[in-house]
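# just to be clear, the model below is a prediction. Sequence and coordinates:
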4 protein chains.
Amino acid sequence: MSLVEPVIDPRPTTGAGAGGQDAVAIRVAAKLWSTDIASKDTMGMEIVSCAAGRAVLRMPVRELHLNGHRICHGGFIFTLADSTFAFACNSYNKSAVASGCSIEFLRPAHEGDVLTCEGVEQTLQGRHGIYDMRVSNQRGEVVAMFRGKSAQIPGAIV
Amino acid sequence: MSLVEPVIDPRPTTGAGAGGQDAVAIRVAAKLWSTDIASKDTMGMEIVSCAAGRAVLRMPVRELHLNGHRICHGGFIFTLADSTFAFACNSYNKSAVASGCSIEFLRPAHEGDVLTCEGVEQTLQGRHGIYDMRVSNQRGEVVAMFRGKSAQIPGAIV
Amino acid sequence: MSLVEPVIDPRPTTGAGAGGQDAVAIRVAAKLWSTDIASKDTMGMEIVSCAAGRAVLRMPVRELHLNGHRICHGGFIFTLADSTFAFACNSYNKSAVASGCSIEFLRPAHEGDVLTCEGVEQTLQGRHGIYDMRVSNQRGEVVAMFRGKSAQIPGAIV
Amino acid sequence: MSLVEPVIDPRPTTGAGAGGQDAVAIRVAAKLWSTDIASKDTMGMEIVSCAAGRAVLRMPVRELHLNGHRICHGGFIFTLADSTFAFACNSYNKSAVASGCSIEFLRPAHEGDVLTCEGVEQTLQGRHGIYDMRVSNQRGEVVAMFRGKSAQIPGAIV
């Protein structure tokens, strides 16, 4: 499994914050990632970047991801988005969990495709946030749109 | 990976139909299952039962399912529900795909837990169906509720 | 605007409870209903029945409900379901609010149709509940399926 | 009921298109609006602007919108978003209907508040689109986030 060193997302963060907050986001991501067997080892994801309130992850589609129709299992497309969501909503070093998520599947992904998921915070009010994830393939076509609701819980990551 | 022979669900099917339809559902499930690397090999699921418009799948939570919080990755709980949904909505031997899904996470699942997902058809009008999945642990506690929207596409499974 | 006196739902309540709890549900519904201008006066709904964890409301589709396509505005179908949801999730006399809802529209409703929404509790764990609403027309055809997530907040209704 | 003349949204449209397409969007909106009793007369909405793939609507919260808690009925917040969604997804002069929608409620709205809903297209692939709506109050606080899925059907608006 490849492990890409998380780097600071060069794009401006929306609403969230910047500067020192992004350094925190990197440290949080490194900590969560170090023990995330599911995303790293089982699924073969890589972190492309993370910042306050946002994250980008990537996952090449391999044979292990294929369902009975020989396309990438929708659950694994969801899993890629859910992992990206986790890095984005935990990025303030306040532990947060997903309370609910929805996904729309727009086109299938095939073996050999490389899926990239970009996640951004839409709103964070008190303990509750909403984050949108967009999963695209290597041709820039949108494969799925995901929306996650987070709830911060007591505790910090690092 | 264990493979449980799909058996007829003894409970009455809701709205869907029964008798000969259930035999078709079994044949469809066996065909889809035979090549479903994602559900069977990667995730370690088993089919408990299937019938017209419904299905039950099971998945023991193992180390490979754990995320950075050392609990079962929410994406894999979704994946269990999504696989169950696939068996239920394809059960009429008309190919169907998920157009969108939503999930609410109610409690975490830990290593050693055995998750069971029961899925039932709520409505099927023309090509479009709605199916509800309930994921419970070995103590009968509800772990997640999932709702999937399906769209039938041309083609048959068997 | 007609006001139907809420009556006890004769069907067994699922999971929720029965007997004395249903009497509480009736008292709560009467209180909420008495000041619900939106549901009663603006929309013209009626309460058909309510019980612990469930409720049934009805709304005849009139000219005031029609959108630019001359069919019932989807927002008003949602509103009927959301009101039904409110009666179901407040039925324990613990104030509860909707945190999020989703709806699938299955067929249009026309002027003169009479829509009935039946709502049932699917799960209530701690402060958080999930409730499903089914909106049907006078021919028993399903018009929409709605799922609501509730969160109890401090306070009682009666 | 006030009727605001729809005007061209000065902001660049995302992905959608511009120029002549916006003129079409205005004509479509004017046509739909002229007979939309629900949005205009029953709810008291106004169109602020519309363009290809996007729209902005406004609704002052009045007594007629209040539920039994004396706050704006969540169904009417949904209705504002659903109307905005309709103008955005019909803006290409290809008839489109909502197949499903989800909403997250973030804070209540009170009598006297003025709600503004801004809607943008996130993706439109073939006949299916995803549109996001953000409902804010006069202080710029987010009241609700709505996501709608549209399906184009045969026929044009103008």
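Perfect, I can see it now.
# hey, let's count contacts and neighbours off CA atoms from now on
Noted.
# which regions of chain A sit below the pLDDT cut-off?
Residue ranges of chain A with pLDDT under 70: A:1-19.
# kindly report the residues of it close to chain B.
Contact residues, chain A versus chain B (Cα under 8 Å from any Cα of the partner chain): A:31-39, A:41-42, A:63-70, A:73-76, A:78-80, A:82-83, A:98-106.
# the residues you listed in strands, which ones?
Taking DSSP state E, the ones among the residues of chain A next to chain B that sit in strands are A:Ala98, A:Ser99, A:Gly100, A:Cys101, A:Ser102, A:Ile103, A:Glu104, A:Phe105.
# rebuild those residues as JSON lines, extending it with distance to chain C.
Formatted as JSON lines, those follow (distance: Cα to the nearest Cα, whole Å):
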{"residue": "A:Ala98", "distance to chain C": "14"}
{"residue": "A:Ser99", "distance to chain C": "10"}
{"residue": "A:Gly100", "distance to chain C": "9"}
{"residue": "A:Cys101", "distance to chain C": "11"}
{"residue": "A:Ser102", "distance to chain C": "10"}
{"residue": "A:Ile103", "distance to chain C": "12"}
{"residue": "A:Glu104", "distance to chain C": "13"}
{"residue": "A:Phe105", "distance to chain C": "16"}
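# distance between stretch A:99-117 and the chain's centre?
12 Å (Cα atoms, centre = their mean, to the nearest Å).
# what are the buried residues along that stretch?
Across stretch A:99-117, burial judged by 16 or more other Cα atoms under 10 Å in any protein chain shown covers A:99-106, A:108-110, A:113-117.
# ok so A:Arg147 is a helix residue?
No. With DSSP: H, G, I helix; E, B strand; the rest coil as the criterion, A:Arg147 is located in strand rather than a helix.
# could you measure from it over to B:Cys89?
24 Å (Cα to Cα, to the nearest Å).
# please apply the same query to A:Tyr131.
29 Å.
# who has more neighbours out of the two?
More crowded of A:Tyr131 and B:Cys89, by other Cα atoms under 10 Å in any protein chain shown: B:Cys89, with 32 against 23.
# I'd assumed B:Ala51 was in contact with that one.
No. In this structure B:Cys89 lies outside contact range of B:Ala51 using Cα atoms under 8 Å: 10.2 Å.
# quick check: which element contains A:Ala144?
Per DSSP states H and E: A:Ala144 is located in strand A:142-152.
# now that strand and strand D:142-152, what's the angle there?
Angle of strand A:142-152 versus strand D:142-152, following axes from the mean of the first three to the mean of the last three Cα atoms, to 10 degrees, is 160 degrees.
# direction included, what does strand A:142-152 pair up with?
strand A:96-105 (antiparallel), strand A:128-136 (antiparallel) (DSSP bridges).
# can you put these in JSON lines and add distance to A:Ala25?
Formatted as JSON lines, the strands paired with strand A:142-152 follow (distance: least, Cα to Cα, whole Å):
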{"stretch": "strand A:96-105", "distance to A:Ala25": "13"}
{"stretch": "strand A:128-136", "distance to A:Ala25": "16"}
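# what sits up against stretch A:86-97?
Residues outside stretch A:86-97 that contact it (Cα atoms under 8 Å, 6 or more residues apart in numbering or on different chains) are A:21-22, A:24-26, A:28-29, A:50-55, A:98, A:119-121, A:129, A:131, A:150-158.
# correct me if wrong: A:Ala109 contacts A:Ile71.
Yes. Here A:Ala109 reaches A:Ile71: they are 6.0 Å apart, a contact under Cα under 8 Å.
# about what we covered before: what's the PyMOL line that selects buried ones from the residues of chain A next to chain B?
Listed next is the PyMOL selection for buried residues among these, using 16+ other Cα under 10 Å:
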select buried, chain A and resi 32+33+35+36+37+38+39+41+42+63+64+65+66+67+68+70+73+74+75+76+78+79+80+82+83+98+99+100+101+102+103+104+105+106
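# would it be right to say that A:Val120 lies in a strand?
Yes. Applying three-state DSSP, one finds A:Val120 inside a strand.
# how about it: what's its closest non-neighbour residue?
A:Arg54 (4.6 Å; Cα to Cα, 6 or more residues apart in numbering or on different chains).
# could you do A:Leu124 as well?
In space, A:Leu124 is closest to A:Ile130, 6.5 Å off (Cα to Cα, 6+ apart).
# the one you found: how many residues sit nearby?
Neighbour tally, A:Ile130, other Cα under 10 Å: 23.
# and A:Glu141, by the same measure?
Neighbour number of A:Glu141 under other Cα under 10 Å is 13.
# likewise for the one 5 residues further on?
Other residues near A:Phe146 come to 24 when the count uses other Cα under 10 Å.
# what does the one 5 residues further on give?
The number of residues packed around A:Ala151, counting by other Cα under 10 Å, is 20.
# just give the closest residue to it, not the sequence neighbours.
A:His128 (4.8 Å).
# repeat for A:Ala52
A:Asp22 (5.0 Å).
# what about the one you found, which helix or strand?
Residue-wise, A:Asp22 maps onto helix A:20-34 under DSSP H and E.
# buried residues, that helix. List them.
A:Gln21, A:Asp22, A:Ala23, A:Val24, A:Ala25, A:Ile26, A:Arg27, A:Val28, A:Ala29, A:Ala30, A:Leu32, A:Trp33.
# again with stretch A:135-149
Using 16+ other Cα under 10 Å, the residues of stretch A:135-149 that count as buried are A:Val135, A:Ser136, A:Asn137, A:Val142, A:Val143, A:Ala144, A:Met145, A:Phe146, A:Arg147, A:Gly148, A:Lys149.
# repeat for stretch A:149-158
A:Lys149, A:Ser150, A:Ala151, A:Gln152, A:Ile157.
# so which bits of chain A are right by chain D?
A:Leu106, A:Thr123, A:Gln125, A:Val142.
# let me see the contact set for A:His128.
Under the criterion of Cα under 8 Å, 6+ apart, the neighbours of A:His128 are A:Lys149, A:Ser150, A:Ala151, A:Gln152.
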